[in-house]
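Colleague: Turn this into a structure:
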Amino acid sequence: MSVTLYDPSQNIIEVAGHICIGISEIAVNRGNATTKVIDGISEAYSARCLVKRKPYTVSVTLQQTSVSNSFLQQIQSVTERNPVTFVSIKVYSTSGVVHLDTTGWIETSPNLTLTEELGDRQYTFKANPYTNSGVVDLIM
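Modeller: Next comes the predicted model:
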C-alpha cells in the first residue's frame, strides 16, 4: 500500500516573471459571492443575478532568508512611486495545474524587522478576478 503525502513545495508562485523561493505559505482568498438572490413577492418569484466581483486577495509568506524578499520589496517600492503598477501573478503546481493566472498589484508588504530570531514575511496582493485563467478553488 502506498500513501500520498501533500508537499507544499509542489506549488509555485510567480510574480512579475520571478519565481519566488523560500515559500512558507500561499493563500488565495476570493472572499466574495459571485451571485445574489433577489426575492420577489414569494419564494417562487426569486431571481439570481451576477454580482460585480471584488479583487481576490493573494498572500505569499516567505522565509526571512529568502532572496525573493528583495525582489518583492522592489515591486513594493515601484508601487509606492507609481500606484497604477500592475504585475502578473501566477500560482501553479509542478505537475502543470494552473491555479491562478492573472494580473494584480501589491497591497501590503511586511515591516522591516531586524532581529536575531528568524521569522516569516508576508506579502499581500490584490488580483483581478476577471482575467484569471485558472481554477482558484482547487488550491490544496
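
Colleague: For this structure, which residues score under the pLDDT cut-off?
Modeller: Judged against pLDDT under 70, the low-scoring parts of the chain cover residues 1-8, 131-140.

Colleague: ok, so what distance separates the residue lying farthest from the centre of the chain from residue 117?
Modeller: Summary for the chain: using C-alpha atoms, centre = their mean, the residue whose C-alpha lies farthest from the chain's mean C-alpha position is residue 41, with a distance of 40.7 Å. Applying C-beta to C-beta, to the nearest Å, the value for residue 41 to residue 117 is 63 Å. All C-beta atoms are positioned from the backbone trio N, CA, C, and that covers glycine.

Colleague: Find the nearest non-adjacent residue to the spatially most central residue of the chain, please.
Modeller: With the centre of the chain defined as its mean C-alpha position, the nearest residue by C-alpha atoms, centre = their mean is residue 58, 2.0 Å away. Taking C-beta to C-beta, 6 or more residues apart in numbering, and ignoring the residues beside it in sequence, residue 58 has residue 125 as its nearest neighbour in space, at 4.3 Å.

Colleague: if I've got this straight, the residue nearest to the centre of the chain is in a helix?
Modeller: No. Counting by DSSP: H, G, I helix; E, B strand; the rest coil, residue 58 is not part of a helix but strand.

Colleague: quick one, strands of the chain?
Modeller: Listed in chain order, the strands of the chain (DSSP state E) span residues 11-15, 18-19, 23-29, 35-38, 47-50, 56-63, 87-93, 98-108, 120-127.

Colleague: Not counting the shortest one itself, show me its contacts.
Modeller: What it means is strand 18-19. Contact with strand 18-19 is made by 12-13, 68, 71, as judged by C-beta atoms under 8 Å, 6 or more residues apart in numbering.

Colleague: do stretch 61-76 as well
Modeller: Counting by C-beta under 8 Å, 6+ apart, stretch 61-76 makes contact with 15-16, 18, 20-26, 60, 85, 87, 106, 109, 118-123, all of which sit outside it.

Colleague: Try it again at 6 Å.
Modeller: Residues external to stretch 61-76 that are found in contact with it (C-beta atoms under 6 Å, 6 or more residues apart in numbering): 18, 20-22, 24-25, 106, 109, 118-123.
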